[in-house]
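Sequence plus the predicted model coming up.
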Amino acid sequence: MTALTHEVSLSRSIIHKPAVLDRFKFLLPACLAFLASQEAFCQDRQTVAYSLPAGSSRFTQEQVIEVGDVPGHKLRIFESHVDYRDVNLAFGGVKMKESFTRGSSDYTNGTGTANNYAVYLLEDGNKLFAKESGVGQVTVTADGAIALKYAVMATFTGGTGRFRGIRGQLRGNVVRVPGESSIKADVNGEYWIEE
């Protein structure tokens, strides 16, 4: 390469560098705006943690049928009701009043899966809607009693009024003693409201 060719080549690369930089100068403001929106998005997330005391929930309806393929295989449909009067739980500053869960389970000797829909009623009249999935198994407690333990994931699908855009998830560890109509649960999770 001659000195002249090298000089022309060098001058071309210098000439084109500002043009390349001009093409990307929008990136810095775009990246800053994106990061700011992510920070604002994360700040809008609210955490939830509560426990249901004994007697605050009960199964209001249950229908169980034997499948008939193997002993102990049953299908169940149910409705449960939770009274949150003695539970410190609020969404967007509005206290939770009660909830109704309607669903079905498919289990063999107490171990299996459940798919449910929940409607949460707030004190201001608004509602929150969630779809729940769970898996459960029979366990023996330290004192030798049999208990049904479930891990449940509730995903908010919407609501009414200002909660129309609610999203998020609640994770619950639920215990039910066979034959009793109430449950105990420890629940935690997070939610946010999308515009």
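Yep, that arrived.

Could you check which helix or strand contains the residue most central in space within the chain?
The centroid of the chain falls nearest to residue 169 when counting by CA atoms, centre = their mean (1.2 Å). In this assignment (DSSP states H and E), residue 169 forms part of strand 166-176.

For beta bridges, what are the partners of the residue nearest to the centre of the chain?
Residue 169 forms beta bridges with residue 155, residue 190, as assigned by DSSP bridges.

any idea how far residue 137 is from it?
21 Å (CB to CB, to the nearest Å). C-beta: built from backbone N, CA, C; applies to glycine.

before we move on, what about residue 193?
Separation of residue 193 from residue 137 (CB to CB) stands at 35 Å.

What segments of the chain are helices?
Ranges of helices in the chain, per DSSP state H, are 3-24, 27-43.

buried stuff in the strand holding residue 169?
Neighbour counts over strand 166-176 (16 or more other CB atoms under 10 Å) mark 166, 168, 170, 172, 174, 176 as buried.

can you tell me which of those residues lies nearest to residue 60?
residue 176 (14.4 Å; CB to CB).

so that closest one touches residue 146, yeah?
No: Residue 176 lies out of contact with residue 146 (CB atoms under 8 Å); the separation is 10.3 Å.

which ones are touching the residue nearest to residue 120 when sequence neighbours are not counted?
Here the nearest residue to residue 120 in space, its sequence neighbours aside, is residue 128; by CB to CB, 6 or more residues apart in numbering that works out to 4.0 Å. By CB atoms under 8 Å, 6 or more residues apart in numbering, the residues touching residue 128 are 91, 119-120, 122, 156, 158-159, 163, 166.

ok, now with 10 Å
By CB atoms under 10 Å, 6 or more residues apart in numbering, the contact set of residue 128 is 91-92, 94, 96, 99, 118-122, 154, 156-160, 163, 166, 168, 191.

again with residue 167
Per CB under 10 Å, 6+ apart, neighbours of residue 167: 45, 155-159, 190-194.

can you list the residues you listed in JSON lines and add distance to residue 78, neighbour count and pLDDT?
Output for the contacts of residue 167, formatted as JSON lines (distance: CB to CB, whole Å; neighbours: other CB atoms under 10 Å; pLDDT from 0 to 100):
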{"residue": "45", "distance to residue 78": "31", "neighbour count": "12", "pLDDT": "94"}
{"residue": "155", "distance to residue 78": "19", "neighbour count": "15", "pLDDT": "98"}
{"residue": "156", "distance to residue 78": "21", "neighbour count": "24", "pLDDT": "98"}
{"residue": "157", "distance to residue 78": "20", "neighbour count": "13", "pLDDT": "97"}
{"residue": "158", "distance to residue 78": "23", "neighbour count": "14", "pLDDT": "97"}
{"residue": "159", "distance to residue 78": "23", "neighbour count": "23", "pLDDT": "98"}
{"residue": "190", "distance to residue 78": "27", "neighbour count": "15", "pLDDT": "97"}
{"residue": "191", "distance to residue 78": "25", "neighbour count": "21", "pLDDT": "97"}
{"residue": "192", "distance to residue 78": "30", "neighbour count": "15", "pLDDT": "97"}
{"residue": "193", "distance to residue 78": "30", "neighbour count": "18", "pLDDT": "95"}
{"residue": "194", "distance to residue 78": "31", "neighbour count": "11", "pLDDT": "93"}
